[in-house]
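This is the structure alone, sequence omitted:
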């Protein structure tokens with residue numbers, strides 16, 4: 001059975017690139033563009049892993065992560081933060097909230113992201 005990934009990214013062009021690549025890697029991918037939809041889909045879609053942007057409309061990625069970790073149905077889902085925020089304090093906050101990984105968009109290529117996703121799914 002395919003592993004399910006919830007892609008939470010408000011940049012439509014970037015989201016399509018990631019969705020296409022992940023589907024080529026044989027993942028079942030669902031894309032949402034804001035934090036509210038991320039939370040409802042996390043419970044309903046039951047992803048194996050969430051790729052989560054930080055700066056988004058409605059609810060930011062840090063708050064989404066916090067809610068995912070405190071909701072029994074989603075407390076153990078793997079979360080890879082993929083963000084433009086490169087400051088150490090942002091990474092520390094993500095780690096404190098329980099992110100499994102923190103990747104800065106400007107510092108990784110899509111192949112790196114796919115490799116990190118596969119790494120975390122292998123641990124699951």
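Nice, thanks for sending it over. Everything quoted here is computed from the prediction, not taken from an experiment. Numbers count the residues shown, from 1 in each chain.

Model confidence at residue 124, what's the number?
With respect to pLDDT, residue 124 has a value of 66.

mind listing what residue 121 touches?
Residue 121 makes contact with 3, 48-49, 78 under the criterion C-beta atoms under 8 Å, 6 or more residues apart in numbering. Yep, even glycine has a C-beta here, placed from its N, CA and C like the rest.

Leaving out the residues flanking it, which one is nearest to it?
Excluding the flanking residues, the one nearest residue 121 by C-beta to C-beta, 6 or more residues apart in numbering is residue 3, at 5.3 Å.

Would you confirm that the one you found contacts residue 28?
Yes. Between residue 3 and residue 28 there is a contact at 7.0 Å, judged by C-beta atoms under 8 Å.

In terms of helices and strands, where is residue 95?
Following DSSP states H and E, one finds residue 95 within helix 88-97.

Let me know the secondary structure of the residue nearest the centre of the chain.
The structure's the chain has its C-alpha centroid closest to residue 51; by C-alpha atoms, centre = their mean the separation is 1.5 Å. Three-state call for residue 51 (DSSP: H, G, I helix; E, B strand; the rest coil): strand.

What's the local residue count around residue 11?
If you count neighbours by other C-beta atoms under 10 Å, residue 11 ends up with 15.

try residue 56
23.

Low-confidence bits of the protein, can you list those?
124 (pLDDT under 70).

thinking again about what came up before, would you reformat the contacts of residue 121 as CSV and include distance to residue 106, neighbour count and secondary structure?
Shown next, in CSV, are the contacts of residue 121 (distance: C-beta to C-beta, whole Å; neighbours: other C-beta atoms under 10 Å; DSSP: H, G, I helix; E, B strand; the rest coil):
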residue, distance to residue 106, neighbour count, secondary structure
3, 27, 19, coil
48, 27, 18, coil
49, 22, 24, strand
78, 23, 20, strand
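
got the end-to-end distance for stretch 69-81?
14 Å (C-alpha to C-alpha, to the nearest Å).

So what touches it?
Where contact means C-beta under 8 Å, 6+ apart, the residues beyond stretch 69-81 that reach it are 39, 42-43, 46-54, 61, 65, 68, 94, 97-103, 113, 116-117, 120-121, 123-124.
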